[in-house]
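Enquirer: Quick one, what's the 3D model for this:
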Amino acid sequence: MGSRRSLRIAALLAALAGAVAAVILLNLALLGYAQPRNDPVGKLSPLAIANPSPPPARTAPTTTHERDDHDD
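Expert: Numbering: from 1, shown residues only. Now for the predicted structure:
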């Protein structure tokens, strides 16, 4: 019985190690895919300088509650 349990634990650890390796390789592949499109740090392209994107619009929060002027 002890060897059968050890075999299950070893198989579980091997499957876990394979899953971790797959996740790491997938992350590295995605980083490699995204990297060519980005400008190197500290070096902006002329297009990025000539056409800066506008800041996102901000709006004040609105409330639908009536003002409560009760003296507490």
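Enquirer: check contacts around residue 27.
Expert: Applying C-beta atoms under 8 Å, 6 or more residues apart in numbering to residue 27 gives no contacts. Backbone N, C-alpha and C define where each C-beta goes, glycine included.
Enquirer: Just the pLDDT for it.
Expert: The model reports residue 27 with a pLDDT of 91.
Enquirer: Can you tell me the element it falls in?
Expert: helix 2-34 (DSSP states H and E).
Enquirer: Only the buried residues of that helix, if you could.
Expert: For helix 2-34, the neighbour count (16 or more other C-beta atoms under 10 Å) marks no residue as buried.
Enquirer: start the count at 48, not 1, going forward
Expert: Fine by me, first position is 48 from now on; the one you just mentioned is helix 49-81.
Enquirer: residue ranges with poor pLDDT in the protein?
Expert: 48, 81-102, 111-119 (pLDDT under 70).
Enquirer: and with 80 instead?
Expert: Along the chain, segments meeting pLDDT under 80 span 48, 79-119.
Enquirer: Checking residue 109 next. Helix, strand or coil?
Expert: The local conformation at residue 109, judged by DSSP: H, G, I helix; E, B strand; the rest coil, is coil.
Enquirer: distance of it from residue 58?
Expert: In this structure, residue 109 and residue 58 are 59 Å apart, going by C-beta to C-beta, to the nearest Å.
Enquirer: Kindly report the same for residue 75.
Expert: To residue 58, residue 75 is 26 Å away according to C-beta to C-beta.
Enquirer: One more: residue 73?
Expert: In terms of C-beta to C-beta, residue 73 sits 23 Å off from residue 58.
Enquirer: give me phi/psi at residue 109?
Expert: Residue 109 adopts backbone torsions of phi -110, psi 150, taken as degrees, to the nearest 10.
Enquirer: next one: residue 108
Expert: Dihedral angles (degrees, to the nearest 10) for residue 108: phi -70, psi 140.
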